[in-house]
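S.K.: with the sequence up front, the predicted model follows.
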Amino acid sequence: MDITSVFKLLQDDIHSVVFATINEFGRPETRVTDIMLCDENSIYFITARGKNFYEQLIDNKYVSLTGFKGNSTISSIAVSVRGNVKDIGAELLNEVFEKNPYMNTIYPTIESRAALTVFQIYKGTGEYFNLSKRPIERYTFSFGDAELTWNGYFINDKCIHCFQCLSVCPQSCININEKSAYIRQENCLHCGNCFDICPASAIERR
């Protein structure tokens, strides 16, 4: 998995995602909006300048989104992204309508599109999470020069190789031998079972 594949999945297969912003009272608000375009460093969506969504994007310049694909929980693939946004105006608006022709039904005339503006998520981090694979697959990424931060559980040098963590790991994603011990981050559920059972406090939550 790579970021190009994740963005293509987000645009073409998931398309409609839940966006979260903060309103003027400091409370979260969500709505479903479509991912219109993606390139290797950005995600693009549109909204109308008269909406609360627009005001919140302008005021905070930050957004979080999650999209989901699958017929059931066990077949699901999810992508989450959080990052900085900016209004780039009517730039790319024609391309948006060319690649998403259903928008012509919603905004059928040039005049009716006057209120629309394109937003670009130009810097951020995200995660791809696939529950349909065994073990599960997780991919953490960054784009637009954002610093990649790792979340989850990690084994430090206090490990006494007791193997207790192995017995409670639902994805069997812990590798331990006499010389090393590590958690395969790409398969970890972040459940915390290993952290709770470790007698040597050798597992860190970051």
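M.R.: Now that the structure is in, tell me what you want to look at.
S.K.: contacting residues for the residue of the chain positioned farthest from its centre?
M.R.: For the chain, the largest distance from the centre (CA atoms, centre = their mean) belongs to E178, which lies 36.2 Å off. Contacts for E178 (CB atoms under 8 Å, 6 or more residues apart in numbering) come out as H161. For glycine as for every other residue, the C-beta is placed from the backbone atoms N, C-alpha and C.
S.K.: can you count the residues close to the closest residue to N177 other than its chain neighbours?
M.R.: Spatially, and ignoring its direct neighbours in sequence, N177 is nearest to H161 (7.8 Å; CB to CB, 6 or more residues apart in numbering). As a burial measure, H161 scores 13 neighbours (other CB atoms under 10 Å).
S.K.: one step back: show the model's pLDDT score for the residue farthest from the centre of the chain.
M.R.: At E178, the predicted lDDT confidence score is 78.
S.K.: picking that back up, surely the residue nearest to N177 and A181 touch.
M.R.: Yes - counting by CB atoms under 8 Å, H161 does reach A181; the two are 6.7 Å apart.
S.K.: got the contact list for stretch 199-206?
M.R.: Residues contacting stretch 199-206 (CB under 8 Å, 6+ apart): 150-160, 162, 164-165, 181, 192, 194-195.
S.K.: quick check: mean pLDDT across stretch 86-93?
M.R.: 95.
S.K.: for stretch 192-206, same thing?
M.R.: Per-residue pLDDT over stretch 192-206 has a mean of 95.
S.K.: now find how far off-centre it is within its chain.
M.R.: Centre-to-centre, stretch 192-206 and its host chain are 26 Å apart (CA atoms, centre = their mean, to the nearest Å).
S.K.: that one: end-to-end distance?
M.R.: 11 Å (CA to CA, to the nearest Å).
S.K.: now stretch 140-160
M.R.: 29 Å.
S.K.: kindly report the same for stretch 181-201.
M.R.: 14 Å.
S.K.: any idea which strand is longest in the protein?
M.R.: strand 116-130 (DSSP state E).
S.K.: show me what it is packed up against.
M.R.: strand 43-48, strand 77-87, helix 93-99, strand 137-143 (3 or more CB pairs under 8 Å, 6 or more residues apart in numbering; DSSP states H and E).
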